[in-house]
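Peer 1: need the 3D shape of this:
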Amino acid sequence: MTLGQKLRERRESLGLTRIQVARACNVVESTVINWETDRHVPKLYPAQIKALCDLLKFTIEDLVV
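Peer 2: Predicted structure coming up:
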């Protein structure tokens, strides 16, 4: 499973929208779409990574494996 697939699956299982994820990470919705479709890998500042992990209930390791 790709990182994009993991992000999308977790977001959907938690009932979150792409906009909610984007706002939590301080990015635009199209960025989240690009992550979920594996067009881009998330390139975030530490605070943004923490926000993404907290929102999606991921650990840092979940994002890199």
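
Peer 1: quick one: contacts of the helix or strand of the chain with the lowest mean pLDDT?
Peer 2: When each helix and strand of the chain is scored by mean pLDDT, DSSP states H and E, helix 60-64 comes last, with a mean of 85. Residues from elsewhere that reach helix 60-64 (C-beta atoms under 8 Å, 6 or more residues apart in numbering): 3, 6, 42, 49, 52-53. Backbone N, C-alpha and C define where each C-beta goes, glycine included.

Peer 1: at 10 Å what do you get?
Peer 2: 3, 6-7, 10, 41-42, 44, 46, 49-50, 52-53, 56 (C-beta atoms under 10 Å, 6 or more residues apart in numbering).

Peer 1: report the distance from that helix to the chain centre.
Peer 2: Between the centre of helix 60-64 and the centre of its chain there are 11 Å (C-alpha atoms, centre = their mean, to the nearest Å).

Peer 1: now, which of the contacts of helix 60-64 lie within helices?
Peer 2: Among those, DSSP state H puts 3, 6-7, 10, 46, 49-50, 52-53, 56 in helices.

Peer 1: Gln20: which of these is nearest?
Peer 2: Leu56 (10.3 Å; C-beta to C-beta).

Peer 1: what's the neighbour count on the closest one?
Peer 2: Number of residues near Leu56 (other C-beta atoms under 10 Å) recorded here: 19.

Peer 1: over to Ile60?
Peer 2: Ile60 has 12 neighbours, counted by other C-beta under 10 Å.

Peer 1: state the distance from it to Lys50.
Peer 2: Taking C-beta to C-beta, to the nearest Å as the measure, Ile60 falls 9 Å from Lys50.
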